[in-house]
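Asks: Mind folding the following:
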Amino acid sequence: MIEKLFKLRENGSTIRTELLAGFTTFLTMAYILAVNPDILGAAGMDRGAVFTATALSACVATLVMAFAANLPFALAPGMGLNAFFAYTVCLGMGHTWQFALTAVLIEGLIFVILTACNVREWLIHAIPHSLKQAISVGIGVFIAFIGLQNAGVLVSNPATIISLVDLKDAGAHPGPVLALVTVCLVALLLARKVRGALLIGMLLATLAGIPLGVTTLPDQFDWSPPSLAPLLFQFEWGALFSGDMVVVVFTFLFMDLFDTLGTLIGVSTKAGMLDEEGRIPRVKPALFADAIGTTLGAVLGTSTVTTYVESASGVAEGGRTGLTALSAAVCFLLALVFAPVFLMIPPAATASALVVVGAMMMTPIASIRMDDMSELVPVFLTVTMIPFTYSIAEGIAFGMISYVVIKVGSGRWRDLNWFVVFVAAVMSLRFVL
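Replies: Just a heads-up that it's a prediction; the model follows:
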């Protein structure tokens with residue numbers, strides 16, 4: 001039965017290898033179960049309900065990947081996408097989280113249609129390579145910035161806008177000190193290739209935070225999964241045709257578009273799964289997995305679901321088939337009974353995951369041409385404007401517009417395609433109007 005479903009022998013794998021690979025993948029991305037409620041909670045959402053929505057959407061999307069695509073990749077609400085949801089759409093633009101969930105639902109439905117029509121893969125190739133890399137780097141800086149702020153390491157300062165908290169008084173500020181120590185600990189564990197380094201670091205910081213007064217223990221531990229009722233089917237249909245809805249949906253689409261395909265290509269390359277022409281096997285059902293996960297996630301009450309680059313850890317353990325994804329999905333389902341543990345993890349602990357994941361997202365900068373100013377300046381504007389404006393959408397807008405203007409002005413308009421020009425024009429009109 002298992003052999004027939006997943007073709008283990010054909011892929012040179014075994015049941016034991018696949019199960020171990022799936023568990024490894026889960027360990028490396030389980031931090032999202034603590035981080036996502038923390039980030040979306042900043043938008044006013046019920047943290048317990050977000051936890052349940054995160055686990056269930058990850059489980060279902062990963063099951064689709066397992067059975068429809070037979071690929072060893074796991075999915076969950078994406079980092080960067082959740083930051084855009086909470087800190088740009090809700091806190092920055094002033095919209096409700098119901099508005100943001102409506103945008104996620106529309107995005108998911110559009111992706112279902114685009115995937116069915118084979119449009120998504122074409123669109124990803126239309127975006128300039130340098131800007132794809134720049135957005136990843138910019139989001140990495142942004143989520144690290146958010147983590148350090150949430151942990152109290154960075155504080156507001158009237159003179160300099162923001163500054164470092166006074167670390168000399170560790171007794172009064174144990175949270176920031178604990179956060180910085182945990183970042184170093186997680187980095188050390190990753191350097192020594194310890195499985196589940198992010199999760200281990202957060203759990204150790206949570207335990208250390210109890211006597212320091214950083215971690216708040218619940219009055220009683222209820223091991224039943226938190227109810228989805230506060231978030232289930234919570235949409236804001238009245239804003240469906242507003243200008244902001246168009247901008248937000250477009251940005252979600254834009255970010256998720258190359259986030260998923262970039263991860264699929266990168267991890268498939270690592271696994272040696274690309275064909276002679278560099279194409280991903282069974283890419284269409286793989287793209288359906290994140291489209292379905294995103295749509296379901298919006299209904300349950302969480303941000304956009306995407307394929308996780310942490311799937312590379314399972315691939316490194318020998319995972320080659322959907323059985324790896326299946327075992328990761330089961331782990332997400334079982335995690336529902338550990339909700340009290342994940343929900344009591346404080347911002348001082350989740351900051352380590354945000355900072356380290358942010359550091360991991362810096363790696364694409366190595367492939368950016370630094371000797372071409374028509375590429376470098378748009379990249380620089382994208383990377384800096386995302387954290388400076390506290391908005392991923394604004395960073396993308398500055399990058400796209402400057403890319404078109406500089407290319408045209410330098411006589412290199414042949415580097416452009418109609419899609420890039422169209423996007424830059426739409427974003428320019430948004431600033432003007």
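Asks: Quick check: closest non-adjacent residue to Gly358.
Replies: Ala144 (3.2 Å; CB to CB, 6 or more residues apart in numbering). Any C-beta I mention is one placed from the backbone N, CA and C, and that applies to glycine too.
Asks: list the buried ones in stretch 120-135?
Replies: Taking 16 or more other CB atoms under 10 Å as the neighbour-count basis, stretch 120-135 is seen to contain the buried residues Arg120, Glu121, Ile124, Ile127, Pro128, Ser130, Leu131, Lys132, Gln133, Ala134, Ile135.
Asks: Turn those residues into a markdown table, including pLDDT and distance to Phe99.
Replies: Below are the buried residues of stretch 120-135 laid out as a markdown table (pLDDT from 0 to 100; distance: CB to CB, whole Å):
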| residue | pLDDT | distance to Phe99 |
| --- | --- | --- |
| Arg120 | 73 | 25 |
| Glu121 | 67 | 30 |
| Ile124 | 63 | 27 |
| Ile127 | 75 | 26 |
| Pro128 | 82 | 30 |
| Ser130 | 84 | 32 |
| Leu131 | 84 | 27 |
| Lys132 | 78 | 27 |
| Gln133 | 79 | 30 |
| Ala134 | 84 | 28 |
| Ile135 | 81 | 23 |
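Asks: Show me which of those is closest to Cys59.
Replies: For the buried residues of stretch 120-135, the minimum distance to Cys59 (CB to CB) is 23.2 Å, reached by Arg120.
Asks: Once you drop chain neighbours, what's closest to the closest one?
Replies: Leu114 (4.9 Å).
Asks: Could you double-check that that neighbour lies in contact with Gly108?
Replies: No - taking contacts as CB atoms under 8 Å, Leu114 lies outside contact range of Gly108: 10.7 Å.
Asks: what sits in contact with each of the two?
Replies: Ala291 (CB atoms under 8 Å, 6 or more residues apart in numbering).
Asks: So what does the residue nearest to Arg120 look like in phi/psi?
Replies: Note on Leu114: backbone dihedrals following degrees, to the nearest 10 are phi -60, psi -40.
Asks: Show the subsequent helix or strand relative to the lowest-mean-pLDDT helix or strand in the chain.
Replies: The element with the least model confidence among the helices and strands of the chain, by mean pLDDT, DSSP states H and E, is helix 120-126, at a mean of 69. The first helix or strand that comes after helix 120-126 along the chain, using DSSP states H and E, is helix 129-150.
Asks: For Val119, grab the count of nearby residues.
Replies: 13 (other CB atoms under 10 Å).
Asks: To clarify, my last question referred to Met385.
Replies: Counted with other CB under 10 Å, the burial measure for Met385 works out to 20 neighbours.
Asks: Test for you: state the pLDDT assigned to it.
Replies: pLDDT, Met385: 91.
Asks: With Leu33 instead?
Replies: Leu33 is assigned a pLDDT of 95 by the prediction.
Asks: In contact with the spatially closest residue to Met202 that is not a sequence neighbour, which residues?
Replies: Nearest non-adjacent residue to Met202, counting by CB to CB, 6+ apart: Ala349, 4.4 Å away. Ala349 makes contact with Ala34, Leu178, Ala179, Thr182, Gly201, Met202, Leu203, Ala205, Thr206, Gly209, Thr215 under the criterion CB under 8 Å, 6+ apart.
Asks: follow-up on the earlier one: can you report how many residues lie near the residue nearest to Arg120?
Replies: Under the neighbour criterion other CB under 10 Å, Leu114 is assigned a count of 18.
Asks: any idea how far Arg195 is from Gly322?
Replies: Gly322 sits 21 Å away from Arg195, going by CB to CB, to the nearest Å.
Asks: can you check Ala316 too?
Replies: In this view, Ala316 and Arg195 are 10 Å apart by CB to CB.
Asks: for this protein, which spans come out with low pLDDT?
Replies: Applying pLDDT under 70 to the chain flags residues 121, 123-125, 170, 258, 261-262, 265-267, 269-272, 274-279, 433.
Asks: How are the strands of it distributed by residue range?
Replies: 75-77, 154-157, 161-164, 305-307 (DSSP state E).
Asks: what helices or strands is the second one leaning on?
Replies: Right, strand 154-157. Helices and strands touching strand 154-157, as assessed by 3 or more CB pairs under 8 Å, 6 or more residues apart in numbering; DSSP states H and E, comprise strand 161-164.
Asks: If we use 6 Å, what do you get?
Replies: Using 3 or more CB pairs under 6 Å, 6 or more residues apart in numbering; DSSP states H and E as the contact criterion, no helix or strand is in contact with strand 154-157.
Asks: Measure how far that strand is from the centre of its chain, please.
Replies: Relative to its chain's centre, strand 154-157 lies at 26 Å (CA atoms, centre = their mean, to the nearest Å).
Asks: With the last one instead?
Replies: Between the mean C-alpha location of strand 305-307 and the chain-wide mean there is a distance of 7 Å, by CA atoms, centre = their mean.
Asks: Show residues contacting that strand.
Replies: If you take CB atoms under 6 Å, 6 or more residues apart in numbering as the criterion, strand 305-307 is touched by 57, 61, 73, 75, 77-78, 256, 259-260, 263-264, 290, 293-294, 297.
Asks: Burial check on Thr96, number of neighbours?
Replies: By the other CB under 10 Å criterion, the neighbourhood of Thr96 contains 15 residues.
Asks: Give me the distance between the residue nearest to it when sequence neighbours are not counted and Ile113.
Replies: Nearest non-adjacent residue to Thr96, counting by CB to CB, 6+ apart: Glu236, 6.1 Å away. Between Glu236 and Ile113 the computed distance is 22 Å (CB to CB).
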